[in-house]
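> A structural model of the following input is requested.
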Amino acid sequence: MARRVVITGMGIVSAVGVTVEECWSNIKEGRTGIGPITRFDVSNFPVKLAGEIKNFQPERYMSAKEVRRRDPYQQYAVAASKEALAGGFTITEEERWRSSVMIGSGVGGVGSYYSECEEIYRTGDPRRITPMAIPMLMVNGGSDYVGIEIGAGGPSFVPASACATGADCIGVAYHYIREGRLDQALAGGADSTIFNIGLAAFDRTGACSRETDPALGCRPFTKNRPGLIFGEGAGVVALEELEHAKARGANILAEIVGYGSTADAFHITAPEPEGIGAAQALKQALNDAKLNSDEIDYINAHGTGTGLNDAMETRAVKRVFGERAYEIPMSSTKSMTGHAMGGTAAFEVIFCTMALRDQVAPPTIAYDEPDPELDLDYVPNVARELPIKYAMSNSFGFGGHNVSLILSKFEG
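Got it, this is the predicted structure:
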C-alpha cells in the first residue's frame with residue numbers, strides 16, 4: 001500500500017516577501033512585487049521591469065564568508081530551507097540515509113559564471129577567478145549546501161526541467177517517500193537570473209514583457225498580455241511520510257496526493273499549442289491521486305502572461321476537465337511574483353498549501369481586457385473565498401516539460 005506524504009514546513013524568498021506569511025499576505029491582497037530593474041543599467045535594454053527581491057539579508061542565514069562563496073540562487077535556497085526547517089524537520093543519525101534534499105534550479109549560478117568570465121577577460125589572468133566558481137555554478141549546488149548543513153545522506157540529485165524544475169523536484173521526492181525509499185525530504189527550487197545576459201537572452205526569445213508600468217507589467221490570460229516578467233527566489237517544502245510526521249507531533253499543513261510529468265517532444269522553446277502533452281501531465285496527476293476531474297476545486301496556473309503559454313494552458317485544462325473547466329477557479333500568481341524560473345513552481349505549491357489552509361483562491365492581478373479565446377475563470381484581480389479540498393498546481397518549461405501536482409487539505 002502506498003504511503004501518505006504530507007507537508008510539515010515551508011520556506012520562501014520572493015519579490016513579494018521573504019517569509020511564507022509575508023508573501024502569502026501580499027498575494028492574497030493582490031500586491032505586486034514587480035517594479036523597475038535596479039540591479040544594472042537597463043537604459044539600452046527593452047525590458048525595464050522585474051520581480052527583484054528586496055530586503056534580503058543573506059548574513060541572517062550564513063556567515064559573511066559563505067555569502068561570498070555562494071551564488072545568490074544558493075543563498076535563497078538556504079534561506080528558504082531554514083524557514084522550512086522551522087516546522088521541526090530534523091535528521092537523527094538513524095534517519096540520515098532515509099532523508100534527502102532535492103532543491104533544483106533551472107539554470108544554476110549563471111550570474112556568478114558571467115562575473116567570473118568577465119574577470120578573466122578584464123585581467124587576462126585565469127588565476128583571478130574564485131576557486132569556488134564551479135560550486136557557485138552547479139545546478140545541484142544549492143541543494144548540496146543544504147544537504148551538507150543538515151546531514152541528509154539520501155539521494156540528492158535534482159531534476160532540471162527549466163521552469164518546471166521545482167515541481168519535478170517536489171514530485172520526485174514525493175514518490176520516493178510514498179514508495180518507501182525515503183521517510184523525509186526538503187524539496188523545491190531556486191533561481192537568480194535578473195542580470196544582463198539572462199534578461200537579454202530571454203528577451204530574444206520574444207517571451208518578455210516590455211511594459212514600463214509595474215501595474216501592467218504581467219497580465220496573464222488577458223487579451224493584450226505583453227509577456228512574462230522575470231522574478232527570482234526560492235521555495236522549499238518539508239515532506240514527510242505521514243506516520244513519521246505524526247510520531248514527532250508535526251503540524252501537518254497539507255498532503256501531496258498526485259504527480260504527473262510529461263514532455264511535449266515538440267519544440268525547444270514553444271509549447272505544443274493544443275496542450276496535448278500538458279493535458280497528459282494533468283491526467284497523470286489525477287490518476288496518481290485516484291481522483292476524478294470533478295474533484296479539483298482550484299488550479300494554480302503556470303500562467304506566464306505570454307501569448308503561447310496562456311492559450312496552451314487554457315486548452316489543456318479544457319481537454320482534461322471538459323465543461324467543468326469553466327467552473328474551476330484558476331489563477332496566476334506570477335502576475336505578482338514574476339517568473340522565478342526553476343523556483344516558481346515551488347512558490348506555487350506553497351501558495352496552494354496556503355489556499356487550502358485559508359480556503360482562499362489568490363487572484364490574477366492586472367487582469368483587464370478579457371481574451372475571447374481564453375474564457376475560463378481566472379479569479380480576476382481579487383482573491384476569492386471558497387471551499388477547497390483539492391488544489392492543482394501546473395508548471396511548464398522550455399524543452400516541452402509539463403508537470404502537475406495535486407495537494408489535498410489534510411484530513412487525519
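
> how much space between the closest residue to Ile177 other than its chain neighbours and Leu407?
The spatially closest residue to Ile177, leaving aside those adjacent along the chain, is Val5, at 4.8 Å (Cβ to Cβ, 6 or more residues apart in numbering). For the C-beta atoms, the positions are set from N, CA and C on the backbone; glycine is no exception. Counting by Cβ to Cβ, to the nearest Å, the separation of Val5 from Leu407 is 10 Å.

> which of the two has more neighbours?
Leu407 (29 against 26; other Cβ atoms under 10 Å).

> tell me the contacts of that one?
7, 254-257, 349, 352-353, 356, 390-393 (Cβ atoms under 8 Å, 6 or more residues apart in numbering).

> That one belongs to a strand?
Yes - assignment of Leu407 by DSSP: H, G, I helix; E, B strand; the rest coil places it within a strand.

> Quick check: bridge partners of it?
Counting by DSSP bridges, Leu407 forms beta bridges with Ile256, Ala391.

> Now the common contact residues for Val5 and Leu407.
255-256.

> Show me the strands in the stretch 1-150 of the chain, by range?
Applying DSSP state E, counting those that start in this stretch to the stretch 1-150 of the chain gives strands spanning 5-13, 35-36, 49-50, 99-104.

> Which neighbouring elements make contact with the second one?
In terms of contact count using 3 or more Cβ pairs under 8 Å, 6 or more residues apart in numbering; DSSP states H and E, strand 35-36 is assigned the packing partners strand 49-50.

> now the strand it packs on, how far from the chain's geometric center?
18 Å (Cα atoms, centre = their mean, to the nearest Å).

> which residues sit against it?
Contacts of strand 49-50 (Cβ under 8 Å, 6+ apart): 15, 34-37, 39, 194, 199, 209, 211-212, 214, 217, 229-232, 338.

> Kindly recompute the last result at 6 Å.
Contact with strand 49-50 is made by 34, 37, 194, 214, 217, 229-230, as judged by Cβ atoms under 6 Å, 6 or more residues apart in numbering.

> how much space between Ala250 and Asn394?
28 Å.

> circling back: just give me the closest of the contacts of strand 49-50 to Leu386.
Ile34 (26.3 Å; Cβ to Cβ).

> Thought Gly217 was touching that closest one, still the case?
Yes - if you go by Cβ atoms under 6 Å, Ile34 and Gly217 touch, sitting 4.6 Å apart.

> shared neighbours, the two?
49, 229.

> Okay, strands next: where are they in the stretch 301-412 of the chain?
Taking DSSP E, counting those that start in this stretch as the test, the strands found in the stretch 301-412 of the chain are 330-331, 360-361, 384-385, 390-397, 401-408.

> contacting residues around Pro220?
303, 305, 310, 332, 335, 364.

> let's see 8 Å
So Pro220 contacts 301, 303-305, 310, 332, 334-335, 364, 367, 378 (Cβ under 8 Å, 6+ apart).

> Type out the PyMOL command that picks the buried ones from the residues you listed.
Burial among the contacts of Pro220 is assessed by 16 or more other Cβ atoms under 10 Å; the matching PyMOL selection reads:
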select buried, resi 301+303+304+305+310+332+334+335+364+367+378
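
> Return the subset of the contacts of Pro220 lying in helices.
Counting by DSSP state H, the part of the contacts of Pro220 found in helices is 310, 334-335.

> Including distance to Glu95 and pLDDT, could those residues go into TSV?
Output for the ones in helices among the contacts of Pro220, formatted as TSV (distance: Cβ to Cβ, whole Å; pLDDT from 0 to 100):
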residue	distance to Glu95	pLDDT
Asp310	43	98
Lys334	36	98
Ser335	40	98
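
> Name the nearest of those relative to Val172.
Closest to Val172, out of all of the ones in helices among the contacts of Pro220 and judged by Cβ to Cβ, is Lys334, at 23.0 Å.

> That closest one reaches Gly227, doesn't it?
No - counting by Cβ atoms under 8 Å, Lys334 stays clear of Gly227, with 11.3 Å between them.

> Now for those two: what residues contact both?
With Cβ under 8 Å, 6+ apart as the test, Lys334 and Gly227 both reach 218, 304-305.

> just curious, which of these is nearest to Ile134?
Thr304 (31.3 Å).

> low pLDDT regions in this structure?
Under the criterion pLDDT under 70, no range of the chain is flagged.

> that older thread, just name the most buried of the strands of the stretch 1-150 of the chain.
Mean neighbour count (mean count of other Cβ atoms under 10 Å) peaks for strand 99-104 among the strands of the stretch 1-150 of the chain, with a mean of 31.

> Give the other helices and strands that that one contacts.
helix 72-85, helix 141-150, helix 165-178, strand 184-192.

> For these, give me a markdown table that also has distance to Val101 and mean neighbour count.
What follows is the helices and strands packed on strand 99-104, written out as a markdown table (distance: least, Cβ to Cβ, whole Å; neighbours: other Cβ atoms under 10 Å):
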| stretch | distance to Val101 | mean neighbour count |
| --- | --- | --- |
| helix 72-85 | 8 | 27 |
| helix 141-150 | 4 | 22 |
| helix 165-178 | 9 | 28 |
| strand 184-192 | 5 | 34 |
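
> Distance to Ala285 added to these, as TSV?
Conversion of these to TSV gives the following (distance: least, Cβ to Cβ, whole Å):
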stretch	distance to Ala285
helix 72-85	23
helix 141-150	24
helix 165-178	9
strand 184-192	16
